[in-house]
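Engineer: coordinates only, sequence not included:
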């Protein structure tokens, strides 16, 4: 019998310029859940927004796993699976609670965070994202960006007002058009795709992509089969390129493995009795 097997590596670094790391990440291979958040806002507010979001999303999903009748936050979209709709629900709940907290405390006014989150359910990958943290897929020697930045420069590129080559140098490159917690409601972008054995998923904050290109990401993933070594190397390259921002990366390797007869017998013998 074939089963899906997930290994991962994760690294987060404050960089060389910032004093505080406002990035947060969550990695739970048993649940197939991986999240990167990049907080924004003064007086440690970005740290608060990203921390709250990284707590709320897994909690909501765990509650829904325990009670499938738990209501969704927001409308269900029929073109997506229940897993993807539940992931969107978790992000919307985080938005609601972060926005509420910002409204209660003046020093947190306007705080927010990006979020890129994925959940593996069998062979299907659910994707939810808001902001400019990214998800890449490395497959068959190629790298593909699976998310579109919710940023002013991205909108200008799409409308033909700015060349893609000039995005990294634009003075307004950090201006987001969507973020979790800034407004009472948030438009969560969703996606789904089937995974294949050998796929590498890479979630990151924009601190990585500010100094490390997709081509370099691809090269580094080809140089090692160890997800932790890959994530550490990418952060080192980010700092070597200037380390102008916090940088966080999660590398997820998805494979299929055969479970033999004795593996199944041992699993049954070691499992607790009902």
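Structural biologist: Yes, it's here. Since we're looking at a predicted model, the values are computed, not measured.

Engineer: what about residue 14, distance to residue 144?
Structural biologist: 29 Å (Cβ to Cβ, to the nearest Å). C-beta here means a position set from N, CA and C on the backbone, and glycine is covered the same way.

Engineer: pLDDT of the helix or strand where residue 38 lies, averaged?
Structural biologist: Using DSSP states H and E, residue 38 sits within strand 33-40. Per-residue pLDDT over strand 33-40 has a mean of 97.

Engineer: Can you get me a residue count around the closest residue to residue 244 other than its chain neighbours?
Structural biologist: Spatial nearest neighbour of residue 244, excluding adjacent residues (Cβ to Cβ, 6 or more residues apart in numbering): residue 17 at 5.2 Å. Using other Cβ atoms under 10 Å, residue 17 is surrounded by 11 other residues.

Engineer: Give the helix, strand or coil label for residue 17.
Structural biologist: Put simply, residue 17 is coil when judged by DSSP: H, G, I helix; E, B strand; the rest coil.

Engineer: residues contacting it?
Structural biologist: Shown in contact with residue 17 (Cβ atoms under 8 Å, 6 or more residues apart in numbering): 242, 243, 244, 245.

Engineer: follow-up on the earlier one: for the strand holding residue 38, which strands pair with it and how are they oriented?
Structural biologist: strand 23-28 (antiparallel), strand 112-121 (antiparallel) (DSSP bridges).

Engineer: Closest to residue 113 out of the contacts of residue 17?
Structural biologist: When the contacts of residue 17 are ranked by distance to residue 113 (Cβ to Cβ), residue 245 comes first, at 14.0 Å.

Engineer: before we move on, back to that, point out the most buried one among the strands paired with strand 33-40.
Structural biologist: Comparing these by mean neighbour count (mean count of other Cβ atoms under 10 Å), strand 112-121 comes out on top with a mean of 26.

Engineer: For that strand, what is the distance to the chain centroid?
Structural biologist: Remark: strand 112-121 is offset 4 Å from the chain centroid, using Cα atoms, centre = their mean, to the nearest Å.

Engineer: again with stretch 219-231
Structural biologist: Between the centre of stretch 219-231 and the centre of its chain there are 18 Å (Cα atoms, centre = their mean).

Engineer: now do the same end-to-end measure for that stretch.
Structural biologist: With Cα to Cα, to the nearest Å as the measure, stretch 219-231 spans 12 Å from end to end.

Engineer: So what's the model's average confidence on it?
Structural biologist: Averaged over stretch 219-231, pLDDT sits at 97.

Engineer: just to revisit the earlier point, could you export the contacts of residue 17 to JSON lines, including columns for secondary structure?
Structural biologist: Converted to JSON lines, the contacts of residue 17 look like this (three-state DSSP):
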{"residue": "242", "secondary structure": "coil"}
{"residue": "243", "secondary structure": "coil"}
{"residue": "244", "secondary structure": "coil"}
{"residue": "245", "secondary structure": "coil"}
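
Engineer: Thanks a lot, catch you later.
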